[in-house]
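Engineer: Build the 3D model from these lines:
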Amino acid sequence: MGISFYDVKDRKKVDVGEGSIKKTKYERTTKAGKLQVRYALRADMGGRKLTKFVNKNDWDSLNVPTE
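Structural biologist: I've put the predicted structure just below:
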């Protein structure tokens, strides 16, 4: 099963197999002092790095390695 990413350079959606996808979390502290966490999937396709932001449920359900 492939996951679709949007390739900005080619301006089209591309399907990437789960074998070349990794999960990552972006964490930052807001001005109010709260911790904000964003969940993303990353893929490397033809030398280009693709990123897709997903919700926590989708991020947890995927069985791929974490960066």
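
Engineer: Any buried residues in the longest strand seen in the chain, and which?
Structural biologist: For the chain, the longest strand by residue count, based on DSSP state E, is strand 35-45. For strand 35-45, burial by neighbour count (16 or more other C-beta atoms under 10 Å) applies to 39, 41, 42, 43. Yep, even glycine has a C-beta here, placed from its N, CA and C like the rest.

Engineer: can you check stretch 14-27 too?
Structural biologist: Neighbour-count burial for stretch 14-27, counted by 16+ other C-beta under 10 Å, picks out 14, 16, 21, 23.

Engineer: With just CA atoms, put it into PDB.
Structural biologist: Taking C-alpha atoms only, stretch 14-27 is exported to PDB below (Å, rounded to 0.1, in the frame of the first residue of the first chain):
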ATOM      1  CA  VAL A  14       3.000  10.800  -6.000                       C
ATOM      2  CA  ASP A  15       2.600   7.400  -4.300                       C
ATOM      3  CA  VAL A  16       5.400   6.200  -2.200                       C
ATOM      4  CA  GLY A  17       5.700   2.700  -0.800                       C
ATOM      5  CA  GLU A  18       5.800   2.200   2.900                       C
ATOM      6  CA  GLY A  19       9.300   0.800   2.700                       C
ATOM      7  CA  SER A  20      10.800   4.200   2.000                       C
ATOM      8  CA  ILE A  21       8.800   6.100   4.600                       C
ATOM      9  CA  LYS A  22       9.900   7.200   8.000                       C
ATOM     10  CA  LYS A  23       7.900   8.800  10.900                       C
ATOM     11  CA  THR A  24       9.100  11.900  12.700                       C
ATOM     12  CA  LYS A  25       7.800  14.400  15.300                       C
ATOM     13  CA  TYR A  26       8.300  18.100  15.300                       C
ATOM     14  CA  GLU A  27       8.200  19.600  18.800                       C
END
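
Engineer: Fine by me, we can end here.
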